[in-house]
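Trainee: Fold the following and give me the result.
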Amino acid sequence: MSLSTKTEQTSTHTFQAAAIEAALRDALISNVQDQATLYGVQLPDSLSDLSKQSVSIDSLIVVEILCAVEPLVGSELPQKLVKEGGYASVDQAVENLMPKIEKVWQKNQKGKAKA
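Mentor: A predicted model of the protein is given here:
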């Protein structure tokens, strides 16, 4: 009976790309806005323009931000996912991290299926 339950969980559980990207993007934008306020930098009003805005996002901050998406992924995300030196925009960070986060999720799903 527990074998069929595991099969059901594995087959119905899908990578929550939209939710993960939204959480990641929200945390990154919040950090960029906080830094802009701290340093008196004017940012674009629209979130789309803000995501493209050239800004410096420190890699250590991004490592902390990964914690915000870990509950959605269902596992801890390794620091090595984050590009050394950080990112030049929110979009760049999201585009770099999402495929890596999905690979970690897929690897964990394969491990759960074997268990």
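
Trainee: Helices of this structure, residue ranges please.
Mentor: Taking DSSP state H, the helices of the chain run over residues 2-12, 17-39, 47-52, 59-73, 90-114.

Trainee: Low-confidence bits of this protein, can you list those?
Mentor: Residues of the chain meeting the criterion pLDDT under 70: 1-12, 113-115.

Trainee: what's the spacing between the most centrally placed residue in it and residue 88?
Mentor: With distances taken as Cα atoms, centre = their mean, the residue of the chain nearest its centroid is residue 24 (4.1 Å). Relative to residue 88, residue 24 is positioned 16 Å away (Cβ to Cβ, to the nearest Å). (C-beta placed from N, C-alpha, C; glycine too.)

Trainee: Repeat that for residue 73.
Mentor: 25 Å.

Trainee: what residues are up against residue 91?
Mentor: Applying Cβ atoms under 8 Å, 6 or more residues apart in numbering to residue 91 gives the contacts 51, 52.

Trainee: still on that earlier bit, compare neighbour counts for residue 73 and residue 88 and give me the winner.
Mentor: Neighbour comparison, residue 73 and residue 88: the larger count goes to residue 73, with 19 against 13 (by other Cβ atoms under 10 Å).

Trainee: was I right about that one contacting residue 101?
Mentor: Yes - if you go by Cβ atoms under 8 Å, residue 73 and residue 101 touch, sitting 6.2 Å apart.

Trainee: residues shared between the contacts of these two?
Mentor: residue 20.

Trainee: circling back to that earlier point, ok now do the closest residue to the residue nearest to the centre of the chain other than its chain neighbours, which residues does it touch?
Mentor: Residue nearest to residue 24 in three dimensions, not counting chain neighbours: residue 69, with 5.3 Å by Cβ to Cβ, 6 or more residues apart in numbering. By Cβ under 8 Å, 6+ apart, residue 69 lies in contact with 20, 23, 24, 27, 77, 101.

Trainee: Of all the helices of the chain, which one comes closest to residue 82?
Mentor: Nearest of those to residue 82, taken as Cβ to Cβ: helix 59-73 at 4.7 Å.

Trainee: Which positions within the closest one qualify as buried?
Mentor: Neighbour counts over helix 59-73 (16 or more other Cβ atoms under 10 Å) mark 61, 62, 63, 65, 66, 69, 72, 73 as buried.
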